[in-house]
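Engineer: I need the structure of the sequence given here:
(2 chains)
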Amino acid sequence: MIMVNLDVMLAKRKMRSKELAERIGITEANLSLLKSSKVKGVRFETLDKICAALECQPGDLLEYRVE
Amino acid sequence: MTTDITPHLQMPASFDRARRISVVIVLLFDIVFWLACAFVVAGSLALLFVLPNLAAISAELAGTAATEWAKYSSLPLAGISIGRRLLLTADFMVAMAPGLFILFHGRKLFAGFARGVVFTEASIAHLKALGFWLIGSAVLGVVVQLLFFAIAQIRHPDFDMHLVSFLYGAMTYVAAYVMDEARRIAADNAEIV
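Structural biologist: Numbers count the residues shown, from 1 in each chain, chains lettered A, B, ... in the order given. The predicted structure is shown next:
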């Protein structure tokens, strides 16, 4: 399954979820669901904004794990 | 997996008017539904108990009814036995049933609109049921007419096909099906951030 390592990147960048949510223009509730990998998909647009805000690559945020 | 990712839809102010109209429509559905229920009960009782006692009520009424009946049926009015009356009552109730279901689902649909429930599984299910029973009323209409002609021994049956109900029902059902697909797509999209 695909895991979202947003928590790790947020910690590395010392950024709070609220700030990231404001920067990329999504609700904190949806960001929380994304962090816990409880979404069906991520738009390239959202991924692009997250990567820009956290100065990282998509590969830093997404990881495949065997269930 | 599908917790609260769907944002609560903010209905425009104009929707308030639609909600108020829906409240009135629900009231009308309520009135018509209960009147129809009363009609079904009264009609059934009349078929079972009033028909055989017409002579006891009024000789003139019985004579007129028998004469009118003889114009259409080869079965004398006095020859309608309890068995036939029961069959006629059952036939009458089956004929009325789709109408009651249509009113019931119509009421539920507009009650949902009045509460602001529009594109949900429940409202679409009621719309589908509405379409289904409109089609059902057309199909059952044919069956009950055939049964009525047979039970009452009608000489020259004048058949009514209810094609308009069938077409409206089919269109309503297809519209509900398309709405359901759109709702599923919207629900899927809502889980993509």
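Engineer: where along chain A do the strands fall?
Structural biologist: Counting by DSSP state E, residue ranges of the strands within chain A are A:2-4, A:62-64.
Engineer: neighbouring strands - and their directions - for the last one?
Structural biologist: Yep, that's strand A:62-64 we're talking about. strand A:2-4 (antiparallel) (DSSP bridges).
Engineer: who in chain A is up against chain B?
Structural biologist: A:26-27, A:29-31, A:33-34, A:38-43, A:46 (Cβ under 8 Å from any Cβ of the partner chain). C-betas here are computed from N, CA, C, even on glycine.
Engineer: the bottom helix or strand of chain B by mean pLDDT?
Structural biologist: helix B:54-57 (a mean of 78; mean pLDDT, DSSP states H and E).
Engineer: rewinding a little: just the strands of chain A: most buried one?
Structural biologist: Highest mean neighbour count of these: strand A:2-4, a mean of 14 (counted as mean count of other Cβ atoms under 10 Å in any protein chain shown).
Engineer: chain center to it, what's the gap?
Structural biologist: Computed by Cα atoms, centre = their mean, to the nearest Å, the chain-centroid distance of strand A:2-4 equals 9 Å.
Engineer: and the contacts of that strand?
Structural biologist: Residues outside strand A:2-4 that contact it (Cβ atoms under 8 Å, 6 or more residues apart in numbering or on different chains): A:34-37, A:42, A:61-65.
Engineer: and which of the residues you listed is nearest B:Phe113?
Structural biologist: A:Leu34 (33.7 Å; Cβ to Cβ).
Engineer: please name the nearest non-neighbouring residue to that closest one.
Structural biologist: B:Val193 (5.1 Å; Cβ to Cβ, 6 or more residues apart in numbering or on different chains).
Engineer: show me where the chain has its helices.
Structural biologist: Looking at chain A here, since you left the chain open. Here chain A has its helices, by DSSP state H, at A:6-12, A:17-24, A:28-35, A:44-54, A:58-61.
Engineer: other chain: chain B
Structural biologist: Under DSSP H, chain B gives helices at B:14-45, B:54-57, B:59-72, B:82-114, B:121-151, B:163-190.
Engineer: how about the backbone phi and psi for A:Arg16?
Structural biologist: phi -90, psi 150 (degrees, to the nearest 10).
Engineer: residue contacts, the residue positioned nearest the centre of chain B?
Structural biologist: In chain B, the residue lying closest to the centroid (Cα atoms, centre = their mean) is B:Gly99, at 1.4 Å. By Cβ under 8 Å, 6+ apart, the residues touching B:Gly99 are B:36, B:137.
Engineer: give me that answer again for 10 Å
Structural biologist: Applying Cβ atoms under 10 Å, 6 or more residues apart in numbering or on different chains, we find B:Gly99 in contact with B:32-33, B:36, B:39-40, B:133-134, B:137.
Engineer: and the pLDDT for residue 8?
Structural biologist: With no chain named, the answer covers chain A. We have a pLDDT of 93 for A:Val8.
Engineer: if you could check chain B rather than the one you did, that'd help
Structural biologist: pLDDT, read off for B:His8, is 47.
Engineer: got it, and the one 3 residues further on?
Structural biologist: In this model, B:Met11 is scored at 64, pLDDT.
Engineer: quick check, nearest of the contacts of B:Gly99 to B:Thr67?
Structural biologist: Looking across the contacts of B:Gly99 and measuring by Cβ to Cβ, the closest to B:Thr67 is B:Phe39, at 25.8 Å.
Engineer: and B:Val50, how far from B:Phe39?
Structural biologist: 14 Å (Cβ to Cβ, to the nearest Å).
Engineer: try B:Ser14
Structural biologist: B:Ser14 is 37 Å from B:Phe39, by Cβ to Cβ.
Engineer: cool, B:Ala56 as well?
Structural biologist: 24 Å.
Engineer: now swap in A:Arg65 and tell me
Structural biologist: In terms of Cβ to Cβ, A:Arg65 sits 65 Å off from B:Phe39.
Engineer: B:Thr64 now?
Structural biologist: 23 Å.
Engineer: shaky segments in chain B?
Structural biologist: Low-confidence segments of chain B (pLDDT under 70): B:1-12.
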